[in-house]
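> next come a sequence and a model predicted from it.
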Amino acid sequence: MRVHGEVSDDEAAAAAVTVVGETVLPSSPPPASAAGQQPQPLVVGYALTKKKVKSFLQPKLLALARKKGIQFVSIDETCPLSEQGPFDIILHKLTSKEWQQVLEVSSEDQSGSLLLCHDYREEHPEVTVLDPPNAIQHLHNRQSMLQEVADLNLSNGYGEVCAPRQLVIMKDPSSIPDAVAKAGLTLPLVAKPLVADGTSKSHELSLAYVEASLALLDPPLVLQEFVNHGGILFKVYIVGETIQVVRRFSLPDVNTYDLGNNDGIFRFPRVSCATNNAEDADVDPCIAELPPKPLLEKLGRELRRRLGLRLFNIDMIREHGRKDRYYVIDINYFPGYGKMPGYEHIFTDFLLSLVQSKYKRHLSGS
């Protein structure tokens, strides 16, 4: 597994994708459909928002994909999947009910949740869906997304990974101060919308540092204890078994704020984004140092297994003054990979590795 820090596009282009225990060559073509024939193109059907299409399907990705025999095809989410394709891989990030009706059946199981379209999967077992809708849904709720991190209790010789203590408030802002006191949470608290669906509103944060300000917040929300971290956040991108890390500026330590604010709340429309790039900033090396590779390898491996996902990113901070204590404060499905250096090489290699592993299983008869 490769853990990237400051990587140029040229370096990423030249590198092989290294995973735990093996190296996958980046330019291996899909297998031929029959002996002596040219390799068939790998067809990736995508169902993405217009914004995601623009940020992800950039010309540099499409050009490299063509060279490697990968074809991206837009899925019409208003039509049954069985009438489209054929696809080798389905790549999707839509939350609308209309899309659910395309990918999932309308009948419900005993728990009341929608089921994956069994007819399509039975007829097309060769199609890889990235990723299972029910697993993606798990990350749309900030209460559930960090529970896996908390349950991990991950610690090794390179450090420990925690989730900040948090509290979910569904309604009645006036009850928040009592609920916070009962839970034993310590101010300041970061308030985040409960639903994390990728919209701009889901990224809006508030920092409440006065008890009286808590009643001014707008539920439903999650309150997380704020951890001073030197104003630096690590975005850990996961693409299958490959990891890449970039630095972003984050909320500064609390003692840098002017606490004379009238209502005791600071509001931020979005904290960590590409414009807050801290890769080349003059930052204290103790703060800017990337998390240790073995720690990230273990974290990535465990979260892939527990979440059942292959495309996500982890927002991670290091507690200021503690070299070996890290907190995961957010997990996002199918993040802005277009902002990740060398993403077109990493992503196309990942897509090819999926069909290669399937082909190997087919040859082995498993």
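Ah, there it is. All values derive from a computational prediction rather than experimental measurement.
> where in the stretch 101-250 of the chain is pLDDT low?
101-122, 200 (pLDDT under 70).
> 50 instead?
105-116, 118 (pLDDT under 50).
> again, but for the stretch 251-366 of the chain
Low-confidence segments of the stretch 251-366 of the chain (pLDDT under 50): 256, 274, 362-363.
> where do the helices sit along it?
285-288, 293-307, 343-364 (DSSP state H, counting those that start in this stretch).
> and the chain, what are its domains?
Following automatic domain parsing, one gets these domains for the chain: 39-133+344-364, 165-226.
> which among these is found nearest to residue 147?
Among the domains of the chain, the nearest to residue 147 by CB to CB is domain 165-226 (9.8 Å). Glycine gets a C-beta too; all of them are placed from N, C-alpha and C.
> what residue is smack in the middle of this structure?
With distances taken as CA atoms, centre = their mean, residue 312 lies nearest the centre of the chain, 2.4 Å away.
> which residues touch that residue?
The contact partners of residue 312, by CB atoms under 8 Å, 6 or more residues apart in numbering, come to 139, 238, 303, 331-335.
> measure it to residue 300 for me?
Computed as CB to CB, to the nearest Å, the residue 312 to residue 300 distance reads 9 Å.
> between the two, which contacts overlap?
Residues touching both residue 312 and residue 300 by CB under 8 Å, 6+ apart: residue 238.
> if we can go back for a sec, turn the domains of the chain into CSV, columns for distance to residue 308 and mean neighbour count.
Listed next are the domains of the chain as CSV, based on distance: least, CB to CB, whole Å; neighbours: other CB atoms under 10 Å:
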stretch, distance to residue 308, mean neighbour count
domain 39-133+344-364, 6, 16
domain 165-226, 17, 17
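> now distance to residue 148 too, for those, in JSON lines please.
Output for the domains of the chain, formatted as JSON lines (distance: least, CB to CB, whole Å):
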{"stretch": "domain 39-133+344-364", "distance to residue 148": "15"}
{"stretch": "domain 165-226", "distance to residue 148": "14"}
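> so which of those domains gets nearest residue 267?
Checking the domains of the chain against residue 267 by CB to CB gives domain 165-226 as the closest, at 4.9 Å.
> thinking again about what came up before, so which of the contacts of residue 312 is the most crowded?
When neighbours are counted by other CB atoms under 10 Å, residue 331 leads the contacts of residue 312 with 26 neighbours.
> the spatially closest residue to that residue that is not a sequence neighbour: what's it in contact with?
Spatial nearest neighbour of residue 331, excluding adjacent residues (CB to CB, 6 or more residues apart in numbering): residue 145 at 4.8 Å. Residue 145 sits next to 138-139, 196, 330-331 when contact means CB under 8 Å, 6+ apart.
> and with 10 Å instead?
By CB atoms under 10 Å, 6 or more residues apart in numbering, the contact set of residue 145 is 138-139, 163, 196, 222, 307, 312, 328, 330-333.
> just the residues you listed now: which is nearest residue 342?
Nearest to residue 342 among the contacts of residue 145, counting by CB to CB, is residue 312 at 18.1 Å.
> quick check: the gap between that closest one and residue 75.
Residue 312 sits 21 Å away from residue 75, going by CB to CB.
> hang on, the earlier thing: so which of the domains of the chain gets nearest residue 154?
Using CB to CB, the nearest of the domains of the chain to residue 154 is domain 165-226, at 16.4 Å.
> may I have the distance across the closest one, first residue to last?
This stretch, domain 165-226, spans 9 Å end to end (CA to CA, to the nearest Å).
> likewise stretch 236-252?
Start-to-end span of stretch 236-252 (CA to CA) is 20 Å.
> how about the domains of the chain, which one is nearest residue 151?
Per CB to CB, nearest to residue 151 of the domains of the chain: domain 165-226, 13.9 Å.
> what is the burial count for residue 255?
Other residues within reach of residue 255, judged by other CB under 10 Å, total 7.
> surely it meets residue 226?
No. Checked against CB atoms under 10 Å, the pair residue 255 and residue 226 is beyond contact range at 11.3 Å.
> ok, back up a step: what's the spacing between the residue nearest to residue 331 and residue 163?
As judged by CB to CB, residue 145 and residue 163 stand 9 Å apart.
> find the residues that touch each one of these two.
328, 331.
> that older thread, so for residue 286, which of the domains of the chain sits nearest?
Across those, residue 286 has its closest neighbour in domain 165-226 (19.8 Å, CB to CB).
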